[in-house]
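Q: predicted model and sequence follow; I will ask about them next.
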Amino acid sequence: MAEYKCFNCNKKVGQDYLRKRIRCPYCGSKILFKPRSIPTRLKAR
């Protein structure tokens, strides 16, 4: 499952809460984002 965070307070927002509303349950902000993982780069020999 995708993990969403609030842009304002940076807390995790559960997937089940997003089905009901698109607001942060902690601060009420409407801006949520999905954090991206940083890819690992390998050096060629």
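A: Perfect, I can see it now. Numbers count the residues shown, from 1 in each chain.
Q: leaving out chain neighbours, which residue sits closest to Ser29?
A: Asn8 (3.9 Å; CB to CB, 6 or more residues apart in numbering). Every C-beta, even on glycine, is put in place using the N, C-alpha and C of the backbone.
Q: following the one helix or strand in the chain whose mean pLDDT sits lowest in sequence, what is the next regular element?
A: Using mean pLDDT, DSSP states H and E, the weakest-scoring helix or strand in the chain turns out to be helix 15-20, at a mean of 78. Where DSSP states H and E defines the elements, the next helix or strand beyond helix 15-20 is strand 32-33.
Q: who touches that following strand?
A: Strand 32-33 is contacted from outside by 4-7, 13, 18, 22, 24, using CB atoms under 8 Å, 6 or more residues apart in numbering.
Q: from those, pick the one nearest Pro35.
A: Lys5 (5.7 Å; CB to CB).
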